[in-house]
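> Give me the fold of what follows.
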Amino acid sequence: MEFVYPTFLYALAALAIPIIIHLFNFRRFKKVYFTNVRFLKEVKEETASRNKLKHLLVLLSRLLALAFLVLAFAQPFIPNANSEFVQGQKAVSIFIDNSYSMGAQSSDVSLFEKAKLKAREIVESYGVEDRFQIITNDFEGKHQRMLNKDEFLSYLEEIEVSPNVQKLSEVVSRQKQAMSLENAAQNNVFLISDFQKNIVDMEEDSTMNTYLIPLQSAEQRNVYVDSIWFESPIRMLNTVNKLLVRLNNTGEAEVENSQLTLKINDQIKALNNFTIGAKSQLVDTVSFTITQTGWHNAELSISDYPISFDDTYYFTFDVAENIKILAINQSGVNPYLNALFKGSSEFDFQNQSYSQLNYDGLSQNQLIILNQLQSVSSGLAAKLQEYVQEGGSILVFPSDDIDLVSYNNFLKSVGANTFTAINRDQRSIDYINTQQEIFNDVFEKLPRNIDLPFARLSYDMTSFSNTDEEIVLKFKGGRSFLSKYNVGSGKVYVAASSLNIKQNNLASHAIFVPMLYKIALLGSKSGQLAYTVGKDEVIEVATKVSIGETPFKLKGNSEEFIPGQRVIGSNLLLSLNNALKNAGIYQLYMEEGKPLSYLGFNFNRQESILDYWSEKELKDNFTGKNMQVLDSAAIGTTVVNLDKGKEYWKICLMLVLAFLAFEILLLRLWRT
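Residues are numbered from 1 along each chain as shown. Okay, here's the model as predicted:
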């Protein structure tokens, strides 16, 4: 047994006072003479014996009452086997998980409200001289300092559920940083959370005591919209577009005949019924038709309870009036390119002569075709490199007699393989990459003896492994006829032969039309469908407007703010810095009423995965000398006992009262 204040034990010396008083009776007796006391002698002896016993019991009760009073002030305790008692000021940091998963119900209240109650109990179990930090997933600046009790409880009432999610290792790092400035005798960290497995990654730290307080909901059930993507990267007018939707069910029960609703521009476009099994995933297809160009604001929604923050998925997409294609020619226009693109309203196809090229207009096109150029000047190469880095697509058909040096300098600048030598042997193509996006939906089944193009004159190319090459068409023997390279945000396609019909039959072959058509469609800058609230990422938006005195703004249904912004080329880079708090559709504009773009934001689906560490699993994996898992029931008493173990000062006070009561009874009821 140990004592919180052992110096109080010196007060036990005061026990000598009642002993001294008892031993030395200072009362004076007066002698009274009787004629005959023979009959009183027996009574006198009996009374003296009873008085002596009574006085001894009174003395004992007073001694014990005084002794236990001293012990109560010394505060005896039996130390906890897992902790060491430390005197002095303590620094206490409490993390309250305020993510959306904490909105699940625990009996009569949400886990979030229960976490706040537990935090209050913890703080109230400490002394007034101790210092406290409150921290949440929001990582607010005002929470990065130590507080007194009253300040902590005031901040506690201000906390609300948030879309932000943090790894526990990052939380503990911030807690340690705040407490390191306090120079306290002991550092205690409390983590109150549902402990989803995807956020738990902390480790034991010998410089502080870490206590895990798990809270779990009464029922684990959640169905949510996880992600979406279009079957085709291009949205086409007046045709059926297929949107693929991934749904997740993290609950223990199957969900039958639920409904998935697609709204585009506030109009219902599709209603799908779905059934999804317990602990399973489903990819559903939603089909709809686009009838107009421009921006489309869309949302997919389901109905689910009690966790509903992830039931709606917001996204946007732009449908251009047409795709701009530029062919740069040196030996005249190509009739096959003209025939393919000129007659379609989906394409705005232009031809320009290499000698009269307008460099400033290159960035306005989604696809640039280098049609049989003999050389690529350094100025054009620099412009093309900038163009493809910003998201443009380039298709190269070399002439039959090229300047290898200028061509290869350009190809090296975009990370592509280079031309080596001309090959005048007739070679046939024997491989089509049907997994590549150009041909992945062209053939239902590739015929075994399919007739493929051939070339009488072509170029051999290097095949270095450090290039991001993806072969689309390949000659018999392994050489590439058409390869694709991802460069920055754009794409570069390099053919080994020209479009000269005398040198190959590609332009007259059946695969020419779908191949060029898909390359052109894939060159369209479609942009990202949706973004995540609270995710610190740079958003890239294509725009022709430069930053002036008036900044760009983002405006949603309930909030408006100015993001960080800078322009690189034709792209606007936005930094949100956690300023955006709500999911929904936001319009980007510089001038009110004239939106330049629309962006969809959704809450982080990381919180939707209801996969928790149980209390037993936490104890098996995250316990040690400086890390413990605590039961949330009666947490205040548990925290008091963490440092001191089992306290006995209350028992001592009860014994003091008991012995005083015993003394009173002796004096009042024992008549001599």
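
> contacts, neighbours, all on C-alpha from now
Fine.

> How are the helices of the stretch 501-650 of the chain distributed by residue range?
In the stretch 501-650 of the chain, the helices defined using DSSP state H, counting those that start in this stretch lie at 512-522, 615-621, 635-644, 649-669.

> Tell me which of those sits nearest to Leu337.
Taking Cα to Cα, helix 512-522 is the member of the helices of the stretch 501-650 of the chain nearest to Leu337, at 8.8 Å.

> CA atoms only: put that closest one into CSV for me.
C-alpha atoms of helix 512-522 as CSV (Å, rounded to 0.1, in the frame of the first residue of the first chain):
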residue,chain,number,x,y,z
PHE,A,512,-9.0,2.6,-89.8
VAL,A,513,-12.3,4.2,-89.1
PRO,A,514,-12.9,2.8,-85.6
MET,A,515,-9.3,3.3,-84.7
LEU,A,516,-9.1,7.0,-85.7
TYR,A,517,-12.6,7.6,-84.4
LYS,A,518,-11.7,6.3,-80.9
ILE,A,519,-8.4,8.1,-80.8
ALA,A,520,-10.3,11.3,-81.5
LEU,A,521,-12.9,10.6,-78.9
LEU,A,522,-10.3,9.7,-76.3
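
> That one packs against which elements?
Packing partners of helix 512-522 (3 or more Cα pairs under 8 Å, 6 or more residues apart in numbering; DSSP states H and E): strand 323-329.

> Mind listing residues that contact the strand it packs on?
Strand 323-329 has contacts (Cα atoms under 8 Å, 6 or more residues apart in numbering) with 346-354, 357, 362, 364-373, 520-521, 524.

> If any of the residues you listed are buried, put those into a ChimeraX selection.
The command below creates a ChimeraX selection of those among these that count as buried (16 or more other Cα atoms under 10 Å):
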select :346,347,348,349,350,351,353,354,362,364,365,366,367,368,369,370,371,372,373,520,521,524
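
> Output the below-cut-off pLDDT ranges for the stretch 401-550 of the chain.
Scanning the stretch 401-550 of the chain with the threshold set as pLDDT under 70 gives 444, 524-526, 544-549.

> Output the helix or strand harbouring Asp430 as PDB - backbone C-alpha positions only.
Assigning secondary structure by DSSP states H and E places Asp430 in strand 427-432. Only the C-alpha atoms of strand 427-432 are listed here, as PDB (Å, rounded to 0.1, in the frame of the first residue of the first chain):
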ATOM      1  CA  ARG A 427       5.300  -6.600 -93.200                       C
ATOM      2  CA  SER A 428       1.900  -7.600 -92.000                       C
ATOM      3  CA  ILE A 429       0.200  -6.700 -88.700                       C
ATOM      4  CA  ASP A 430      -0.700  -9.800 -86.800                       C
ATOM      5  CA  TYR A 431      -1.700  -8.500 -83.400                       C
ATOM      6  CA  ILE A 432      -4.400  -6.200 -82.200                       C
END
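
> Return the distance of it from the chain's centre.
Put simply, strand 427-432 sits 47 Å off its chain's centre (Cα atoms, centre = their mean, to the nearest Å).

> what do you get for stretch 70-77?
Centre-to-centre, stretch 70-77 and its host chain are 49 Å apart (Cα atoms, centre = their mean).

> Please apply the same query to stretch 8-21.
Distance of stretch 8-21 from its chain centroid, counting by Cα atoms, centre = their mean, is 64 Å.

> so who does Asn504 touch?
Asn504 sits next to 453-457, 497-498 when contact means Cα under 8 Å, 6+ apart.

> Narrow these to those in strands?
If you go by DSSP state E, the contacts of Asn504 have 454-455 in strands.

> Distance to Lys90 for the helices of the stretch 501-650 of the chain - can I get that in JSON lines?
Output for the helices of the stretch 501-650 of the chain, formatted as JSON lines (distance: least, Cα to Cα, whole Å):
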{"stretch": "helix 512-522", "distance to Lys90": "62"}
{"stretch": "helix 615-621", "distance to Lys90": "25"}
{"stretch": "helix 635-644", "distance to Lys90": "11"}
{"stretch": "helix 649-669", "distance to Lys90": "21"}
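
> and those, which one is worst for confidence?
Among the helices of the stretch 501-650 of the chain, helix 635-644 carries the lowest mean pLDDT, a mean of 74.

> other SSEs contacting it?
For helix 635-644, the helices and strands in contact under the criterion 3+ Cα pairs under 8 Å, 6+ apart are helix 111-124.

> which of the residues in the helix it packs on are buried?
111-116, 118-124.

> Check which helices and strands it sits against.
strand 90-96, helix 149-158, strand 186-193, helix 635-644.

> so can I have a markdown table of the ones you listed showing distance to Asp205 and mean neighbour count?
Shown next, in a markdown table, are these (distance: least, Cα to Cα, whole Å; neighbours: other Cα atoms under 10 Å):
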| stretch | distance to Asp205 | mean neighbour count |
| --- | --- | --- |
| strand 90-96 | 14 | 24 |
| helix 149-158 | 24 | 14 |
| strand 186-193 | 10 | 23 |
| helix 635-644 | 17 | 18 |
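
> Could you dump these into TSV and include distance to Leu618?
Listed next are the helices and strands packed on helix 111-124 as TSV, based on distance: least, Cα to Cα, whole Å:
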stretch	distance to Leu618
strand 90-96	17
helix 149-158	26
strand 186-193	12
helix 635-644	17
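
> show me where the stretch 351-500 of the chain has strands.
Secondary structure of the stretch 351-500 of the chain, counting by DSSP state E, counting those that start in this stretch: strands at 367-371, 393-397, 419-423, 427-432, 454-455, 458-461, 469-475, 480-487, 490-495.

> quick one, the fourth one and strand 469-475 angle?
Direction vectors for strand 427-432 and strand 469-475, defined by axes from the mean of the first three to the mean of the last three Cα atoms, to 10 degrees, enclose an angle of 130 degrees.

> just checking, what packs against strand 427-432?
Applying 3+ Cα pairs under 8 Å, 6+ apart, one finds that strand 427-432 contacts strand 454-455, strand 469-475.

> so of those strands, which one's packed in deepest?
Of those, the one with the most neighbours on average (mean count of other Cα atoms under 10 Å) is strand 454-455, at a mean of 22.

> Are there helices or strands packed against it, and which ones?
Contact partners of strand 454-455 among helices and strands, from 3+ Cα pairs under 8 Å, 6+ apart: strand 427-432.

> circling back: quick one: closest of the helices of the stretch 501-650 of the chain to Gln186.
Among the helices of the stretch 501-650 of the chain, helix 635-644 sits nearest to Gln186 (Cα to Cα), with 10.0 Å.

> The closest one: how far from the chain's middle?
Distance of helix 635-644 from the chain centroid (Cα atoms, centre = their mean) equals 33 Å.

> Equivalent analysis for stretch 231-240, please.
Using Cα atoms, centre = their mean, the offset of stretch 231-240 from its chain centre is 32 Å.

> For it, report the contacting residues that lie outside it.
241-244, 287-293, 319, 521-522, 524, 526.

> Can you select the buried ones among those residues for me in PyMOL?
The PyMOL command for the buried members of the contacts of stretch 231-240 (criterion: 16+ other Cα under 10 Å) is given here:
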select buried, resi 241+242+243+244+287+288+290+319+521+522+524+526
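
> Just the contacts of stretch 231-240: which are in helices?
With helices defined by DSSP state H, the entries of the contacts of stretch 231-240 inside them are 521-522.
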